[in-house]
Structures are given as C-alpha cells and as structure tokens.
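Visitor: Structure of the sequence below:
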Amino acid sequence: MAEAQRRGSFEMNCPDAKATLLSSETMQPEVRTFVYTGPERAVYNVGVSGCGKRTTYVVICPDNGDNACFDGGSRTEVQED
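Guide: This next block holds a predicted model:
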C-alpha cells in the first residue's frame, strides 16, 4: 500500500494523502511447466484520498521473496470529492 500512497500523494500534490486497501487477491502464475513455474502474485486495489481528491491504484507484488512491488499503470483519474 505504501507504493500507492506515495504515488497518490505525488499525483494529487497532497502530502497528507491516505491509502486504504479496497480489495486483494492472489493471481496464479501465467507460466506453469514441468520445469518452471512463475511466482504467485498478490494484487491489491488501493484507494488514495486527501486534499479533497481521490483515486485508485492496482499494486502487484510477486511472491518471490524480494519484496519488490509494482504500482501498475491501472488507476482511475484523480477525482474531486
């Protein structure tokens, strides 16, 4: 969620923006073979609001032990409250 909070804070020009977890799910690997299986991924939908604005982000975290998450490009436009 920290990824989405930082991005939302920057895009909304609102240092006090707060993130809220809206939903989460686990995605199975797209590649599954006898030799190789990709990592499962946690997918989070996160709402960010503050300074009279709000938006949502999709954050994807592969379960491969490196704690690297990707704040995907999928989001709603920043909306005025």
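Visitor: for the chain, what spans make up the helices?
Guide: Counting by DSSP state H, one finds helices in the chain at the ranges 2-11.
Visitor: So which residue of it lies furthest out from the middle?
Guide: Phe34 (30.6 Å; C-alpha atoms, centre = their mean).
Visitor: what bits of the protein have low per-residue confidence?
Guide: Scanning the chain for pLDDT under 70 picks out the ranges 64-67, 71-76.
Visitor: Quick check, central residue of it?
Guide: Val59 (1.8 Å).
Visitor: Report the contact partners of it.
Guide: Under the criterion of C-beta atoms under 8 Å, 6 or more residues apart in numbering, the neighbours of Val59 are Met1, Glu3, Ala4, Val43, Tyr44, Val46, Cys69, Phe70, Asp71, Gly72. The way it works is simple: take the backbone N, C-alpha and C, and place the C-beta from them, glycine included.
Visitor: Also Ala19?
Guide: Ala19 neighbours (C-beta under 8 Å, 6+ apart): Met1, Ala2, Ala4, Gln5, Gly8, Val46, Gly47, Val48.
Visitor: Just give the number of residues close to the first one.
Guide: Translated: Met1. If you count neighbours by other C-beta atoms under 10 Å, Met1 ends up with 17.
Visitor: For Asn13, see how far away the residue nearest to it when sequence neighbours are not counted is.
Guide: Closest residue in space to Met1, ignoring its immediate chain neighbours: Ala19 at 4.6 Å, by C-beta to C-beta, 6 or more residues apart in numbering. Going from Ala19 to Asn13 by C-beta to C-beta, to the nearest Å gives 16 Å.
Visitor: Any figure for the gap between the residue nearest to the centre of the chain and Glu11?
Guide: Distance, Val59 to Glu11, by C-beta to C-beta: 14 Å.
Visitor: Please indicate which of the contacts of Val59 are buried?
Guide: Those of the contacts of Val59 that meet the buried threshold are Met1, Glu3, Ala4, Tyr44, Val46, Cys69, Asp71, by 16 or more other C-beta atoms under 10 Å.
Visitor: quick one: contacts for the first one?
Guide: Yep, that's Met1 we're talking about. By C-beta under 8 Å, 6+ apart, the neighbours of Met1 are Ala19, Leu21, Tyr44, Val46, Val59.
Visitor: That's all I had, so thanks and see you.
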